[in-house]
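**Student:** below are the sequence and a predicted model for it; my questions follow.
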Amino acid sequence: MITIKVNENPQEFPSSLTLQELVEKLQIQTNGIAIAVNSSVVKKSDWSSKLLQNNDAILIITSTQGG
């Protein structure tokens, strides 16, 4: 069992997973978002190869429109 913080909320998963698998499990819309792992932004093209570890901190930022 591993614990990963997603936007400061601890979540438990049965085993290690990639960033892409996390996005799919949490059913996150991928349009207009950026994701940082331990304060480092991960390019969307690298999500499927970025393996998450126990105690990683994930920050998901959603862009908004406005003026």
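**Tutor:** Yes, it's here.

**Student:** list of residues touching the one helix or strand Ile35 maps to?
**Tutor:** Taking DSSP states H and E as the definition, one finds Ile35 inside strand 33-37. By C-beta atoms under 8 Å, 6 or more residues apart in numbering, the residues outside strand 33-37 that reach it are 19, 23, 41-42, 47, 50, 52, 56-63. All C-beta atoms are positioned from the backbone trio N, CA, C, and that covers glycine.

**Student:** out of these, who's nearest Phe13?
**Tutor:** Distances from those to Phe13 were compared by C-beta to C-beta; the smallest belongs to Leu52, at 8.2 Å.

**Student:** which ones are touching that closest one?
**Tutor:** Residues in contact with Leu52 (C-beta under 8 Å, 6+ apart) are 2, 4, 16-19, 22, 37, 58.

**Student:** now tabulate these in a markdown table and tack on pLDDT and distance to Thr30.
**Tutor:** Formatted as a markdown table, those follow (pLDDT from 0 to 100; distance: C-beta to C-beta, whole Å):
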| residue | pLDDT | distance to Thr30 |
| --- | --- | --- |
| Ile2 | 95 | 22 |
| Ile4 | 97 | 18 |
| Ser16 | 90 | 21 |
| Leu17 | 95 | 16 |
| Thr18 | 97 | 14 |
| Leu19 | 97 | 11 |
| Leu22 | 96 | 12 |
| Val37 | 98 | 15 |
| Ile58 | 97 | 14 |
